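Peer 1: structure for this input, please:
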Amino acid sequence: MARPFKDARYPGVSSRLKNGKLIYRYRAKGMPEIRLPGKPGDPEFEAAYEKATQGQGKKAVIVDLPGRALPKTFGHAARRLETTMEWLGFDEATQQKNARLIERFLNLPVDPNYPLTWRNTPVEHLDADRLRAIIEGIFRTNRTVAKHTLVAIKKLLWVATDVEKWIKPQDDPSLSIRVRVPKSTKNPAWPIAMREKFEERHPIGTAARTCYALGFWLGNRRGDIAALEWDDLLTEEIELFDGSLVLIEAFDFRQKKNRNRHGGREMFIPVVDKLATALDLLDRSRGGTVLKNAYGRSFSEKSLTGMMQHWTRQAGIPSGYTLHGLRRTFGTYLAECNIQARAIMEAMGHSSMTVTDEYVREANKKRIAVDIARAINEREAKRDAMKRRANLRIVR
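Peer 2: Below is the predicted model:
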């Protein structure tokens, strides 16, 4: 049996017999064994030994760690975005929606023929033409998703331009791209006929009628309606613009939307007579939320949406009339009462005048249409009167 190879010129090298053949190997502490070809003195042996001592004997195993990101890539921008104060100021729903859209974009291939995705692509490599192609591809199937995807990508580009300064603001490829989405027909305002059917089916004192009254006469979102508590109802003396004093009941609360960003918009909504009537029969002694289910517990946002669908179906109302539709009904109602746009904005808790102006425009459009119809009727009535006078015969 051959003696194991030991030579001071080749530290770490040893030999052993395998299937009757003498083989040489290099071993170092904490490193995998590396087989060396040939024998000491051979060119291939010397080259393999040199690589082994330099740690180049075997390729290192690359572990794809979760959340890894190459520098200045879109993946890097996504990780950086999540640490910005602007992102942390978004509410949870907004964060989840944008994170979902961003992840979908990051997993898109840059070229269908190659495995490279946008996650590992430097931000500077995205030009306006490529971005337009991405958005147009989504636009063909869903315009709304295309618009929201563009907004999500803009957030990554904002990190690259304003936060990290990887690219210049004028090189932002999204500057020339706009996605216009037609006005949504979902959650329409409830016409009077639908409101009357609901009120006829669900009497005052029921959870259905309470939910309907809160949604309509407060004009707030489902999350605010579900979370509204009796402690939010207060009585306060208010001095009006003419100097007179009135004692009113009002709900004083903060909206859930943007609560992480600026604490939520503070709302002060007086209780109108019809809402007061709907609340009079309710038990206030137990406190808690105003709206309770059959077990005396509060509703979650999702369960409230499902229950409103159930209640409208019971009333024989077609699908599509929702709790958010009652919020739109409130906005439409105020606009038709000729309330100023700024007052409507405050009453509904809008963060800008953009949505508020839509209610005012719709109300004004109806008023203009009525004025036109009246003008036509008056003119036609005059023409008919003139014809009747022309047909009169004077008898002497």
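Peer 1: enumerate every residue touching the nearest residue to Ala48 once chain neighbours are set aside.
Peer 2: Computed as CB to CB, 6 or more residues apart in numbering, the closest residue to Ala48 that is not its neighbour in sequence is Leu36, at 4.8 Å. For glycine as for every other residue, the C-beta is placed from the backbone atoms N, C-alpha and C. Going by CB atoms under 8 Å, 6 or more residues apart in numbering, Leu36 touches Val13, Ile23, Tyr24, Arg25, Tyr26, Phe45, Ala48, Tyr49, Ala52.
Peer 1: give me that answer again for 7 Å
Peer 2: Neighbour list for Leu36: Val13, Tyr24, Arg25, Tyr26, Phe45, Ala48, Tyr49 [criterion: CB atoms under 7 Å, 6 or more residues apart in numbering].
Peer 1: check the secondary structure at the second one for me.
Peer 2: At Tyr24 the chain is in strand, as set by DSSP: H, G, I helix; E, B strand; the rest coil.
Peer 1: give me the nearest residue to it, chain neighbours excluded.
Peer 2: Sequence neighbours aside, Leu36 is the residue nearest to Tyr24 in space, at 4.4 Å (criterion: CB to CB, 6+ apart).
Peer 1: any chance of the backbone angles for that neighbour?
Peer 2: Main-chain torsions, Leu36, degrees, to the nearest 10: phi -110, psi 130.
Peer 1: okay, it and Arg9: tell me how far apart.
Peer 2: Separation of Leu36 from Arg9 (CB to CB, to the nearest Å) stands at 13 Å.
Peer 1: pretty sure Ala160 contacts Ile167?
Peer 2: Yes. If you go by CB atoms under 7 Å, Ala160 and Ile167 touch, sitting 5.2 Å apart.
Peer 1: returning to what we had before: got CSV for the contacts of Leu36, with pLDDT too?
Peer 2: CSV is the format used below for the contacts of Leu36 (pLDDT from 0 to 100):
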residue, pLDDT
Val13, 86
Tyr24, 87
Arg25, 86
Tyr26, 84
Phe45, 87
Ala48, 86
Tyr49, 84
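Peer 1: most neighbours among those residues, please name it.
Peer 2: Tyr49 (24 neighbours; other CB atoms under 10 Å).
Peer 1: in which helix or strand would I find that residue?
Peer 2: helix 43-53 (DSSP states H and E).
Peer 1: who touches that helix?
Peer 2: With CB under 7 Å, 6+ apart as the criterion, helix 43-53 contacts Tyr10, Val13, Tyr24, Tyr26, Ile34, Leu36, Pro37, Gly38, Lys39, Gly57.
Peer 1: 6 Å instead, please
Peer 2: Tyr26, Ile34, Leu36, Pro37, Gly38, Lys39, Gly57 (CB atoms under 6 Å, 6 or more residues apart in numbering).
Peer 1: so how far is it off the chain centroid?
Peer 2: Computed by CA atoms, centre = their mean, to the nearest Å, the chain-centroid distance of helix 43-53 equals 59 Å.
Peer 1: helices or strands up against the next helix or strand along the chain from it?
Peer 2: Using DSSP H and E, the helix or strand that directly follows helix 43-53 along the chain is helix 74-81. Helix 74-81 sits against helix 143-158, with contacts defined as 3 or more CB pairs under 6 Å, 6 or more residues apart in numbering; DSSP states H and E.
Peer 1: now do 8 Å
Peer 2: Secondary-structure packing of helix 74-81 (3 or more CB pairs under 8 Å, 6 or more residues apart in numbering; DSSP states H and E): helix 92-106, helix 143-158.
Peer 1: C-terminal to that helix, what's the next element?
Peer 2: helix 85-88.
Peer 1: which parts of that next one are buried?
Peer 2: Buried residues in helix 85-88, counted by 16 or more other CB atoms under 10 Å: Trp87.
Peer 1: look at the closest residue to Phe253 other than its chain neighbours and report its pLDDT.
Peer 2: Distances taken as CB to CB, 6+ apart place Asp232 nearest to Phe253, at 4.4 Å, with adjacent residues excluded. With respect to pLDDT, Asp232 has a value of 95.
Peer 1: correct me if wrong: Asp232 contacts Arg254.
Peer 2: No. Applying CB atoms under 8 Å, one finds Asp232 not in contact with Arg254, separated by 9.4 Å.
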